[in-house]
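[1] I'll drop the sequence and a predicted model, then ask my questions.
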Amino acid sequence: MRALNRTSIAVAAIFACAMPVLAHAQSDITIYGKLYPQINNGKAYGATPVGASGNSLVGPVTAEVDNVDGTVMESSNSRLGFRGTEKLGGSLKAIWQIEMGVGVDNGIGGDGTRLFSRDTFVGLSGDAGTIKIGRMDTVYKSIGDALSFLGISSGNFVSTSNVLSKPGMGGSGSSFHLRRDNVVQYTSPEKSGFQGMVEYSLGELSSSGRNNSLFGIGVTYEGGPFYFALAHERHYDFFGGSRNVARSLSNYDRTAGQGLAGTRSTDTGTRLTAQYALTKNTKVEANIARLEFDEKGGAAGFFENYRTDTWGINAQHKIGAFTLQASYASGDDGDCKLVGGGGCNTVGLGGKQLNLGAAYSFSKRTMLYLIGSKLENDEFSNRSNLGDLNDGAAGRGQQIRQVALGLSHTF
C-alpha cells in the first residue's frame, strides 16, 4: 500500500510538471478535480437475529452482526483527472482522459488497489459521434438518476443507488450502477434533443464456456425544462442472483468463483428517468426501474429467477447561496422462481431510503454542506451505504442512520 501511495504521488507530480511541455503538442489539456471530505457520524442497529427464517430465497440468518456507532472522516469520490484533445482535421479530434481517486482523508489514491480507477479512456469524436475505449461509467449509470444530491452523491451515503440499482438480497455482482473495465462505448450526435448511447464490455475470461460480458444501451431527450432517459443493461454470466441466494439454491460455486457446469445467467436492469425544471432554481426528478436475474441449466430446486421493481424521487431548490435537497427511494420484496417450480418466497427483501441535505456556496467552486440519511432494510434485506463504518458491511434487517458535515471544492 505504501508503494502504491508513493507511485500515485510520483505519477501526479510527473503529470503536473509535464503539462507545460505537453501543452505545445496538444490543442487542449485540462487538469481538473473535486475534493469533498466530510466528517460522518453513523449508526447501524436492529439486525435480524441469527436463526430467523421465513425467506426461502436467502435462507435463515446465519451470521451475528454487531451494532455500529461511530464517527469517521470520509473522502467520498474525491478525484484528480487529466484530459485533453488533439485536432485531427475537419470535425474529427482525438480525446483522452485519465482519472484517479484522491483520499483526502488518508492519502490513498485510486480505490486502494488501482491507480487510475475512475473513468480512463482514449477515443475519437466528430460529426458522426464519439467512441471511447477504456474503463468508464456504464450507460445505465451515466444517464439515469441524473439529479446529483448537492453535487456530492457519487460515492456518498446519500446516493440512492443501493436501493434503486441493487436488490435487497444482493451484494457482489448484482448492481447496475457501476463503472466497468474493458468497455467500448459509442455516443451518437445530438439531434432535435435526442441522443443515443451503446456499449459493450469484454468479459476477458479464459474459459470459452462463460461470457462474463456486459451490453448497455440508452437514449436521452433534453429540451426546455425536460430531461428524459431510458437505459437498459444486460450482464452475461455474472450470476448476480446465485451469488447472493442461499447456498442450497445457488448455481454458483463461491469457492471456484464461477457458475456450476452447464449453467448460464443473464441479469438485466431497465430504468426510466424523468426530470423537470419547475423554475430556474427548482428541479424534480423521478426514477423507476426493473431488475431481473435469470439463470438457466440449474438442477431441480435450484435458483431460476428473481425480479424486483424500484423507484425514487428527488427534489432540489436553490435560494440565493443556499441549496436544499431531499430524495427518497424504495425497492419491493420482488418475486422468485426455482427450477421445477418449487416453493420460493421473497418476504422481507424490500427497503427504503430518505435523504435530506443543505449546502451553502461560498463561490461557484466551494461549498459547505450538511447531509443526513436513513436507510431501512426489511427483515432479510442487507442494503448498505456505511462506507468506512464497519468496512461498509451491514447485516440483514439493519437500520442505518448517518449525518455528515463536509466541505467541497471543485477545480
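    Cool, got the structure. Worth saying up front: this structure is predicted, and the values here are computed from it rather than measured.
[2] residue closest to the middle of this structure?
    residue 177 (3.4 Å; C-alpha atoms, centre = their mean).
[3] From what I see, it and residue 164 are in contact.
    Yes: with contact defined as C-beta atoms under 8 Å, residue 177 counts as touching residue 164 (7.2 Å). Backbone N, C-alpha and C define where each C-beta goes, glycine included.
[4] overlap in contacts of these two?
    residue 145 (C-beta atoms under 8 Å, 6 or more residues apart in numbering).
[5] now the helices for the chain?
    Per DSSP state H, the chain carries helices over the ranges 2-25, 139-143, 161-164.
[6] Worst mean pLDDT among these?
    Note on the helices of the chain: lowest mean pLDDT is at helix 2-25, with a mean of 48.
[7] Any stretches of this protein with poor pLDDT?
    1-27, 110-113, 172, 205-209 (pLDDT under 70).
[8] quick one: the nearest residue to residue 122 once chain neighbours are set aside from residue 338, how far?
    Using C-beta to C-beta, 6 or more residues apart in numbering and skipping residues adjacent in sequence, the residue nearest residue 122 is residue 96, 4.5 Å away. Here residue 96 is placed at a distance of 48 Å from residue 338 (C-beta to C-beta, to the nearest Å).
[9] Show me how far stretch 37-44 is from its chain's centre.
    With C-alpha atoms, centre = their mean, to the nearest Å as the basis, stretch 37-44 stands 20 Å off its chain's centre.
[10] no no, stretch 108-127
    15 Å.
[11] cool, stretch 149-163 as well?
    Worked out by C-alpha atoms, centre = their mean, stretch 149-163 lies 9 Å from the chain centre.
[12] Stretch 45-55 too?
    27 Å.
[13] Only the C-alpha atoms, please, for that stretch, written as PDB.
    This file holds the C-alpha atoms of stretch 45-55, laid out as PDB (Å, rounded to 0.1, in the frame of the first residue of the first chain):
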ATOM      1  CA  TYR A  45     -28.700  -1.200  14.600                       C
ATOM      2  CA  GLY A  46     -31.600  -3.600  14.800                       C
ATOM      3  CA  ALA A  47     -30.200  -6.500  12.700                       C
ATOM      4  CA  THR A  48     -32.500  -9.600  12.300                       C
ATOM      5  CA  PRO A  49     -31.400 -12.200  14.900                       C
ATOM      6  CA  VAL A  50     -29.400 -15.300  14.000                       C
ATOM      7  CA  GLY A  51     -31.700 -18.200  13.100                       C
ATOM      8  CA  ALA A  52     -34.600 -16.100  11.900                       C
ATOM      9  CA  SER A  53     -36.200 -17.700   8.900                       C
ATOM     10  CA  GLY A  54     -39.200 -17.100   6.700                       C
ATOM     11  CA  ASN A  55     -37.400 -16.100   3.400                       C
END
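[14] Thanks again, I'm all set now.
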